[in-house]
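[1] coords below, sequence missing:
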């Protein structure tokens, strides 16, 4: 029965959840002297095995990047294995975000001439797992072959065997004329969200919160695109090409808001759809887009992710486990970023998403 199989996965993931870092431990990481100390502190946690393995080839800060990326792959593997057969398609559809993350990283590295050695630590992939249970759907060895291609065209051709290649090819001409990969990535993300929303449509009748969560993630992508466009004084029609359909806020409404006279007025209009409350306090002080992104992440966590945990005997707690692991991954990356750029502990703390 479907319900009993979800009961089993809920129990297994709940037992493993005790390994998530506590708020107090995260605060200890924030106070660490540098990235090296962050790595050393994490050795006593569930990140320890991957830190030990990565230490044979890498030093901080790359060591930490490699270790937390491989750890995330391990956590995704656990979540997929715990998912009943009826939910695996939806979880795989969600995990394809890491294929797209890696593809964007590789394409960007080809455009700016970054080497394989400089790029590989940032891939969310691991050779420790066979094909089919990695973070995304492209196996690690295949990802390395894709990374080894010398040009954007070579990468796209290598991806033709996957569903991503034909989508990228449609915009390859545009890249060759402009050296801009963003139209290709917008098409990939549109494909990703369409496929993800379709995978949980009429799933079990209790997928409403998960659908709202993913549609709000689309809003996040669109809002940040518009804010960057406004900050750079880009044309409305140009910005429109980079927006993704199926968010909770209609694209025509977003474009109407984009026509406001200032960023402050823009943000005020967005609050008609997202009640940020005090979440925007840091952005109001800094006017830094990172703080706006963090505010949306906190909004998503507060309004959707926490609720997933309480949808018993469904796919909700599995998504809760996966997304909580991603928030933890993001928090460690933001702490490492803060240490590299000598940000104060208070500034770093403001960039974290904690329950």
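    Sure thing, it's come through. Worth saying up front: this structure is predicted, and the values here are computed from it rather than measured. Residues are numbered from 1 along each chain as shown.

[2] Can you find the helix or strand of this protein with the lowest average pLDDT?
    Across the helices and strands of the chain, mean confidence by mean pLDDT, DSSP states H and E is lowest for helix 2-16: a mean of 81.

[3] Not counting its own residues, what contacts whatever helix or strand comes next after it?
    Moving toward the C-terminus from helix 2-16, the first helix or strand encountered (DSSP states H and E) is helix 23-30. The contact list for helix 23-30 (C-beta atoms under 8 Å, 6 or more residues apart in numbering) reads 21, 38, 41-42, 45, 331-332, 335, 338, 345, 348-349, 352, 354-355. Every C-beta, even on glycine, is put in place using the N, C-alpha and C of the backbone.

[4] Now, of these, which are buried?
    Buried by 16 or more other C-beta atoms under 10 Å: 21, 38, 41, 42, 331, 332, 335, 338, 348, 349, 352, out of the contacts of helix 23-30.

[5] Quick one: low-confidence residue ranges for the stretch 201-350 of the chain.
    Applying pLDDT under 70 to the stretch 201-350 of the chain picks out residues 202-203, 205.

[6] Now with 50, please.
    Within the stretch 201-350 of the chain, no range satisfies pLDDT under 50.

[7] Equivalent analysis for the stretch 51-200 of the chain, please.
    130-135.

[8] which stretches of it form helices?
    For the stretch 51-200 of the chain, the helices defined by DSSP state H, counting those that start in this stretch occupy 62-82, 85-112, 116-119, 140-147, 152-158, 164-169, 172-178, 182-199.

[9] give me the number of residues near the closest residue to residue 174 other than its chain neighbours?
    Residue nearest to residue 174 in three dimensions, not counting chain neighbours: residue 183, with 5.0 Å by C-beta to C-beta, 6 or more residues apart in numbering. Using other C-beta atoms under 10 Å, residue 183 has 18 other residues around it.

[10] one step back: what are the contacting residues of the least confident helix or strand of the chain?
    Here helix 2-16 has contacts from 78-79, 82-87, 204, 312-315, 317-318, 321, using C-beta under 8 Å, 6+ apart.
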